[in-house]
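J.: show me how the following folds:
(2 chains)
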Amino acid sequence: MSTTFAVLVARDLRLAARRRIDAALPIAFFTVAVSLFPLGVGPEPQTLRQIAPGVVWVAALLAAMLSVTQLYATDLADGSLEQMLLVPDARLAIAAAKAASHWLVTGLPLVVVAPVFGLMFDMSGEAIAALVASLVLGTPVLSLLGGLGAALTLGLRSGAVLLILIIVPLCIPALIFGAGAVAAVDAGQSARGHYSLLGAVVIFTAVLAPIATAAALRIATE
Amino acid sequence: MSTTTSRLRLYRFASPATFYPLAGKLVPWFAAVAAILAAWGLWLGMLRAPTDATQGDAYRIIFIHVPAAWMSMLLYVVMAFWAAVGWAFNARLASVVARAIAPTGAMFTFLALWTGALWGKPTWGTWWVWDARLTSELILLFLYAGYLALVSAIDDPRRADRAGALLAIVGSVNVPIIYFSVVWWNTLHQGASVSPAAAPKMAAIMLQAMLLMTLAFWAYAFAVIFVRARAIALERDNDANWAGAAVGRAHPQSEATT
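T.: Okay, the predicted model is just below:
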C-alpha cells in the first residue's frame, strides 16, 4: 500500500516535470485571476487590503478545481488507470497518491507564490504569514475533494463544469476558515481558532475523502 | 415461517412491477389529501389567523416558507438514505425513488429561498442578507443542483445511481460542517444581524395552520415523487413484460426498440 502510494506519487511528479508548461498552467491561471481584481475593483490600497484574503483564497480554490479535472482523465485516456486498478486493493492508495501529487504540483506552488500577491495587495507582513499558513493547511482539502470530484465525473461530458458545481459547495468550510484566519489577523485578533478548525477539516477530509474517492473510482470504471 | 413471509411481503414492494400499480393507486389519494390540507391550512393562515402586531400581514408567508424549508432539508436526508440503500443492497427501486425525490427537494429549497426573499423585503427592508440560515439554504440548493447535474450527465443508469448515491452521502456528511462554518463566518462578519428567530411567539392558530401546510406539502411530495418514480421505473424497465402490460402493449419485446 505505501509502496504503491510512493511509486504513484513519484510517477506523477516525473510526468509533471516532463510537461512543465502543463504543470505551470494552474499557477498562470491563479496569477491572471488574482490580477483581474484590482482592475475590476479599483486600485485603492484600503479596499485591496480588505478583499485580498478572499480574492487569493477564491482564486486558489478555482485554480485547484480547474486543474484537478486532468487528475485521472489522461490516465483514463491512455489506459494506465485501468492497469493501476488491476493492482489488488490499490484503490485507496491510488486515490491518496493522486490527491497528494496534485497538491505537490498545484497546491504547493500556490502557497509559494501567494506572498507575492500579498505584497501586491498591500497586505501587512503578519497577514501574509497568516495567508501562507492558511493556504498550507487549506489547499490539501481542495486537492482531496477535487480528487473525489475528478473520480466522480471521470469520462463525462462537460466534466469540468460539473466538477466545480458538485465540489465547490463542499469546499466552503475550508474557504471560510482559510480566508477568515487572514481577516482575523488583519483585525488584530488571534487566528488560532481558525487554524484549529481548518486543521480539523483537513484531518476529517484526509481520512474520509480517499475512501470516497476509491469508491467513486470503482463506480466509474465498473 | 412467519418471519420469512413478512420479509417476502416487504420485498414484494421493492419490485417495480408491484410498485408501479400500487403507487399509481396511491397518487390520487395523496394529491387529494394535499389539496384538502393545503386549502384548510391556507384558509386558517390567510383568513383566520390574526394580523401580526409588528410584521403586519407580511408574516403570513411563513405558512408556505417554513414548511418548504423543513421539507427541503428533510428530503435531502431521505434522498441520501434511499440512494444509499439502492447502492448498498443493489435495490433498483430505492435508487429510482432517490432520483425522483431530488427535483422536488430542489423545488422546495427554491421555494423557501423565494418566499424568504418576499418576506425579507417588507420586514428587513432587503431581499437578501448573508444570514447563516439563508446562506446554508442556498448551499443546500447547490448540493441539490450538483446531484441533479451529476446523475443526468451519466448515461448508464447503474453508474448514475451509484455516483449520485456517493455524492448524496458525502453531501449529507458535510451539511453539518457547512452549516456550522457558515454560522461562524456570519457571526464573525456581521455582528448582531437580523434573525428569523427574533420573531414574536406564535399563536396557537398560526402553529395549527403551519402544521397543516407541512402535512399538505408532505402529501404533495409523496404524490409527485410517486408519479416521477413510476415514470422512471417504466422507462428503465422498458423491455420488461410488466412495463408492456402497464402501458397496454401487446408484444413488449417486438416494440422495445421503438
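
J.: near chain A, which residues of the stretch 1-150 of chain B? Just list them.
T.: Counting by Cβ under 8 Å from any Cβ of the partner chain, the residues of the stretch 1-150 of chain B close to chain A are B:139, B:142-143, B:145-147, B:149-150. Glycine gets a C-beta too; all of them are placed from N, C-alpha and C.

J.: let's have those in JSON lines, adding pLDDT.
T.: Output for the residues of the stretch 1-150 of chain B next to chain A, formatted as JSON lines (pLDDT from 0 to 100):
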{"residue": "B:139", "pLDDT": "91"}
{"residue": "B:142", "pLDDT": "94"}
{"residue": "B:143", "pLDDT": "94"}
{"residue": "B:145", "pLDDT": "95"}
{"residue": "B:146", "pLDDT": "94"}
{"residue": "B:147", "pLDDT": "95"}
{"residue": "B:149", "pLDDT": "94"}
{"residue": "B:150", "pLDDT": "94"}
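
J.: now for these: which two are most distant?
T.: B:139 and B:150 (16.3 Å; Cβ to Cβ).

J.: out of the residues of the stretch 1-150 of chain B next to chain A, which are buried?
T.: Buried members of these, scored by 16 or more other Cβ atoms under 10 Å in any protein chain shown, are B:139, B:142-143, B:145-147, B:149-150.

J.: next, residue B:56: phi, psi?
T.: phi 70, psi -150 (degrees, to the nearest 10).

J.: correction: the previous question concerned residue B:155.
T.: Torsion angles, degrees, to the nearest 10, at residue B:155: phi -80, psi -40.

J.: in terms of pLDDT, where does it sit?
T.: With respect to pLDDT, residue B:155 scores 90.

J.: same question, the one 5 residues further on
T.: Per-residue confidence (pLDDT) for residue B:160: 93.

J.: residues in contact with it?
T.: Residues in contact with residue B:160 (Cβ atoms under 8 Å, 6 or more residues apart in numbering or on different chains) are B:99, B:150-152, B:154.

J.: what of residue A:135?
T.: Taking Cβ under 8 Å, 6+ apart, one finds A:56-57, A:60, A:107, A:110-111, A:114, A:178 in contact with residue A:135.

J.: can we see that at 10 Å?
T.: By Cβ atoms under 10 Å, 6 or more residues apart in numbering or on different chains, the residues touching residue A:135 are A:56-57, A:60, A:107-108, A:110-112, A:114-115, A:142, A:178, A:181-182.

J.: so residue B:182, which state does it fall into?
T.: Classification of residue B:182 using DSSP: H, G, I helix; E, B strand; the rest coil returns helix.

J.: neighbours around it, how many?
T.: 23 (other Cβ atoms under 10 Å in any protein chain shown).

J.: can you tell me which residues contact it?
T.: Counted by Cβ under 10 Å, 6+ apart, residue B:182 has contacts A:172-173, A:176, B:130-139.

J.: same question, residue B:11
T.: Neighbours of residue B:11 in contact, by Cβ under 10 Å, 6+ apart: B:18, B:91.

J.: give me the nearest residue to residue 148, chain neighbours excluded.
T.: Looking at chain A here, since you left the chain open. In space, and not counting its chain neighbours, residue A:148 is closest to residue A:213: 4.7 Å by Cβ to Cβ, 6 or more residues apart in numbering or on different chains.

J.: can you look at chain B instead?
T.: In space, and not counting its chain neighbours, residue B:148 is closest to residue B:102: 5.4 Å by Cβ to Cβ, 6+ apart.

J.: which residue does the stretch 1-150 of chain B have closest to chain A?
T.: residue B:146 (3.6 Å; Cβ to the nearest Cβ).

J.: and that residue, how far is that from residue B:154?
T.: 13 Å (Cβ to Cβ, to the nearest Å).

J.: circling back to that earlier point, mind giving me the packing neighbours of the helix or strand where the residue nearest to residue A:148 lies?
T.: Using DSSP states H and E, the element containing residue A:213 is helix A:192-221. The contact analysis (3 or more Cβ pairs under 10 Å, 6 or more residues apart in numbering or on different chains; DSSP states H and E) places helix A:192-221 against helix A:70-77, helix A:80-86, helix A:91-102, helix A:125-152, helix A:159-186, helix B:157-190.

J.: let's see that with 7 Å instead.
T.: helix A:80-86, helix A:91-102, helix A:125-152, helix A:159-186, helix B:157-190 (3 or more Cβ pairs under 7 Å, 6 or more residues apart in numbering or on different chains; DSSP states H and E).

J.: got the angle for the second one vs helix A:70-77?
T.: Helix A:91-102 and helix A:70-77 meet at an angle of 120 degrees, taking axes from the mean of the first three to the mean of the last three Cα atoms, to 10 degrees as the criterion.

J.: would you mark the buried spots in whatever helix or strand comes next after helix A:91-102?
T.: Using DSSP H and E, the helix or strand that directly follows helix A:91-102 along the chain is helix A:108-120. Within helix A:108-120, the residues scored as buried using 16+ other Cβ under 10 Å are A:109-111, A:114-115, A:117-118.

J.: same for chain B: which of the contacts of residue A:135 are within range?
T.: By Cβ under 7 Å from any Cβ of the partner chain, no member of those lies near chain B.

J.: before we move on, the earlier item: isn't the residue nearest to residue B:148 up against residue B:143?
T.: No. Counting by Cβ atoms under 7 Å, residue B:143 is not a contact partner of residue B:102; they are 10.0 Å apart.

J.: got the contact list for residue A:167?
T.: Listed by Cβ atoms under 7 Å, 6 or more residues apart in numbering or on different chains, the contact set of residue A:167 reads A:65, A:145-146, A:148-149.

J.: can you name the residues of chain A sitting close to chain B?
T.: A:152, A:156-158, A:162, A:165-166, A:169-170, A:172-173, A:176-177, A:180, A:212, A:215-216, A:219-220, A:222.

J.: quick one on the thing from earlier: what number of residues lie near the residue nearest to residue A:148?
T.: Residue A:213 - counted by other Cβ under 10 Å - has 29 other residues nearby.

J.: how about the residue lying farthest from the centre of chain A, phi and psi?
T.: The centre of chain A is farthest from one residue, residue A:44, which by Cα atoms, centre = their mean lies 29.4 Å away. Residue A:44 has phi and psi values of phi -60, psi 120 when expressed as degrees, to the nearest 10.

J.: how far away is it from chain B?
T.: Per Cβ to the nearest Cβ, to the nearest Å, residue A:44 is found 20 Å from chain B.

J.: do you know the pLDDT at that residue?
T.: 89.

J.: over to residue B:60?
T.: At residue B:60, pLDDT is 85.

J.: wait, it touches residue B:45, no?
T.: Yes. Between residue B:60 and residue B:45 there is a contact under Cβ under 7 Å: 5.9 Å.

J.: check which helix or strand covers residue A:16.
T.: Using DSSP H and E, residue A:16 falls in helix A:2-18.

J.: what angle separates the helix or strand just after that helix from helix A:2-18?
T.: With elements assigned by DSSP H and E, the helix or strand that comes after helix A:2-18 is helix A:20-41. Angle, helix A:20-41 to helix A:2-18, by the same axes, to 10 degrees: 70 degrees.

J.: quick one on the thing from earlier: farthest pair within the contacts of residue A:167?
T.: Going by Cβ to Cβ, the pair spanning these furthest: A:65 and A:148, at 11.6 Å.
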